[in-house]
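1. sequence and predicted structure, then a few things I'm wondering about:
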Amino acid sequence: MAEFPGIGHVAVTVTDLDRSREWYSKLFGSPPVLDEDTGSFHHVVFALGGGALFGLHTHTKENDQPDFSEFRTGLDHIAFGVGSRGDLESWEKKLDDLGIAHGGIQDAPYGSGLSFRDPDNLPLEFFAPPS
């Protein structure tokens, strides 16, 4: 059997596509590679390192739960992998420069993380393996 494939893309539903497009463009340091309204949903897609894609979606169906909570069944958080704790320190500075609140770097035996949230309260993290 072939090796299990890596993640090709992640897509999250947002409440305000314009606000999220601007916020993620600043975070990723690049504009989206796709911005398409299909009629039933609108999606904006960013290309990330390693070939992965990150999408933002809005749907024509009314959103009856606009605020994200990791305590509901489904997604808990999304972590972006970095190479070292030093890389986390660089990202911490970038988040500060962008005015994005975060919880500071937290160290654990399995690695170090830097947690923050997007405009819809979606929990995001930069994560480095242990040194």
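-> Okay, I see it.
2. am I right that Arg72 sits in a helix?
-> No. Read with DSSP: H, G, I helix; E, B strand; the rest coil, Arg72 is coil and lies in no helix.
3. ok, it to His9 distance?
-> Look at Arg72 and His9: by C-beta to C-beta, to the nearest Å, they are 22 Å apart. Using the backbone N, CA and C atoms, a C-beta is placed for each residue, glycine as well.
4. who has more neighbours out of those two?
-> His9 (13 against 9; other C-beta atoms under 10 Å).
5. leaving out sequence neighbours, find the closest residue to the more buried one.
-> Leaving aside its sequence neighbours, His9 sits nearest to Leu53 (C-beta to C-beta, 6 or more residues apart in numbering; 3.7 Å).
6. show me what contacts that neighbour?
-> Contacts of Leu53 were listed using C-beta atoms under 8 Å, 6 or more residues apart in numbering, and they are 8-10, 33, 45-47.
7. which of the residues you listed has the most neighbours?
-> Of all these, Phe46 has the most neighbours under the rule other C-beta under 10 Å, reaching 21 neighbours.
8. now do the contacts for Asn121.
-> Shown in contact with Asn121 (C-beta under 8 Å, 6+ apart): 67-69.
9. what's near enough to touch Gly8?
-> Going by C-beta under 8 Å, 6+ apart, Gly8 touches 51-53.
10. for this structure, what spans make up the helices?
-> 17-28, 85-98 (DSSP state H).
11. now, of the ones you listed, which is deepest in the fold?
-> Per-stretch averages of neighbours, counted by mean count of other C-beta atoms under 10 Å, single out helix 17-28 among the helices of the chain, with a mean of 16.
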